[in-house]
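> pasting the structure only:
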């Protein structure tokens, strides 16, 4: 048998490490050279609370982490195919600014601009109590998570809608109180304002809770809805877990609290008698994960024909 005498080429095992990239503001995701798909978390900006009204809805929450839960009780989505060494635009949605006797405060969407773009809708703005406000309405707005209705004027018994696969809706109105319901969260709907009985001043409804994600390696809860304003009762409606801001309290109470930055939380609703402004929503976030990839760099014991020719000519190819 002929045999090849000479150095043996050794195979080299190599690994492209797992890569987690967090975007707290807009930018570009550049994938690693051997990446073929990514998992993601995309949370939009939260809506503002209403003027003397309902809590703001949280930003939409979408994820493809296996075994995790997307907003609205949906299952995790599929990973996205991508090309290695390629740049993809990322937009992190802003939370709505504070609202005071003005237009709605709906949050901005977040977008992962891969070949199949992943878009989470901005949180819906909370409704205003006073329907005559220019550009305003007592109705909470739909969004990734729906904003809570304004209070008292007029009665709209049903709550608002969230976006399927992203979040829940805001709480319903109660005509017997001037307090506002909570905004929807990714994990639960906002609560209706609490009224102890006919003619008794009530309290704002709590914001809906968000959803936890461990894509970064630590469990963090995102996309909680804002609490509704309590008018004129001096009580505070809590924002939902995951960055939802507390609602304002009435006479002698505190102002509404903004949604948490980079959590997509909804802002708290304003209250009558001193704290009417609806607080701002929190900005969103985008996180991507590229799995580790093992590969062989080079091949073992392989020679090209030129090398074989040199070995034969030099007498190293023998039988």
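That came in fine, so what should we check first? Because the structure is a prediction, the values reported are computed rather than measured.

> which stretches of the chain have low pLDDT?
Counting by pLDDT under 70, the chain contains low-confidence ranges at 1-11, 101-102, 130-137, 151-158, 196-201, 297-319.

> report the central residue of it.
In the chain, the residue lying closest to the centroid (C-alpha atoms, centre = their mean) is residue 43, at 1.7 Å.

> contacting residues for it?
59-62, 110, 120, 186, 222-223, 263-264, 284-286 (C-beta atoms under 8 Å, 6 or more residues apart in numbering). Where C-beta positions appear, they are placed from N, C-alpha and C, glycine not excepted.

> could you pull out the helices in this structure for me?
Using DSSP state H, the helices of the chain run over 305-313.

> what's the domain layout of it?
According to automatic domain parsing, the chain comprises the domains 3-14+293-318, 18-291.

> by neighbour count, which of the contacts of residue 43 wins?
Highest neighbour count within those, by other C-beta atoms under 10 Å: residue 59, with 46 neighbours.

> how close does that one get to residue 246?
Using C-beta to C-beta, to the nearest Å, residue 59 is found at 18 Å from residue 246.

> again, but for residue 139
Distance of residue 139 to residue 246, given as C-beta to C-beta: 22 Å.

> ok, now residue 281?
13 Å.

> overlap of the contact sets of those two?
Residues touching both residue 281 and residue 246 (C-beta under 8 Å, 6+ apart): residue 226.

> among the contacts of residue 43, find me the one that's closest to residue 32.
For the contacts of residue 43, the closest approach to residue 32 (C-beta to C-beta) belongs to residue 286, at 17.1 Å.

> count of residues packed around the closest residue to that closest one other than its chain neighbours?
Leaving aside its chain neighbours, residue 286 sits nearest to residue 23 (4.3 Å; criterion: C-beta to C-beta, 6 or more residues apart in numbering). Other residues lying near residue 23 total 20 when counted by other C-beta under 10 Å.

> correct me if wrong: residue 23 contacts residue 262.
No - using C-beta atoms under 8 Å, residue 23 makes no contact with residue 262, being 9.2 Å away.

> could you name every residue contacting both of the two?
92, 285.

> ends of stretch 237-255, how far apart?
Start to finish, the residues bounding stretch 237-255 are 11 Å apart (C-alpha to C-alpha, to the nearest Å).

> I misspoke; the intended subject was stretch 235-250.
End-to-end distance for stretch 235-250, by C-alpha to C-alpha: 7 Å.

> for it, what is the distance to the chain centroid?
Chain-centre distance of stretch 235-250: 19 Å, with C-alpha atoms, centre = their mean, to the nearest Å.

> also stretch 264-281?
That offset, for stretch 264-281, works out to 20 Å (C-alpha atoms, centre = their mean).

> hang on, residue 249 packs against residue 233?
Yes - the criterion here is C-beta under 8 Å, and residue 249 meets it with residue 233 at 7.2 Å.

> more crowded one of the two?
Legend: neighbour count by other C-beta under 10 Å for residue 249 and residue 233, higher for residue 249 (27 against 24).

> show me what contacts the more buried one?
Residue 249 makes contact with 229, 230, 233, 234, 235, 236, 271, 275, according to C-beta under 8 Å, 6+ apart.

> one more time with 6 Å, if that's ok
Each residue near residue 249 by C-beta atoms under 6 Å, 6 or more residues apart in numbering is listed here: 230, 234, 235, 236, 271.

> please report how far it lies from residue 232.
Computed as C-beta to C-beta, the residue 249 to residue 232 distance reads 9 Å.

> related to what we said a few turns ago, could you identify which of the contacts of residue 249 has the most neighbours?
residue 271 (39 neighbours).

> that residue contacts residue 228, correct?
No - in this structure, residue 271 is not within contact of residue 228 by C-beta atoms under 6 Å, at 8.8 Å.

> show me what contacts the closest residue to residue 241 other than its chain neighbours?
Leaving aside its chain neighbours, residue 241 sits nearest to residue 209 (4.6 Å; criterion: C-beta to C-beta, 6+ apart). Shown in contact with residue 209 (C-beta under 6 Å, 6+ apart): 185, 187, 188, 224, 240, 241.

> so which of the residues you listed comes closest to residue 258?
residue 224 (12.2 Å).

> number of nearby residues for that closest one?
Other residues near residue 224 come to 39 when the count uses other C-beta under 10 Å.

> and what of the one 3 residues further on?
Close neighbours of residue 227, defined as other C-beta under 10 Å, add up to 42.

> and for residue 195?
So residue 195, with other C-beta under 10 Å, has 16 neighbours.

> same question, residue 68
By other C-beta under 10 Å, neighbour count at residue 68 equals 17.

> isn't it right up against residue 77?
No - between residue 68 and residue 77 there is no contact under C-beta under 6 Å: 9.5 Å.

> and stretch 25-43, end to end?
First residue to last in stretch 25-43 (C-alpha to C-alpha) measures 12 Å.

> ramachandran coordinates for the residue nearest to residue 241?
When read as degrees, to the nearest 10, the backbone of residue 209 gives phi -70, psi 160.
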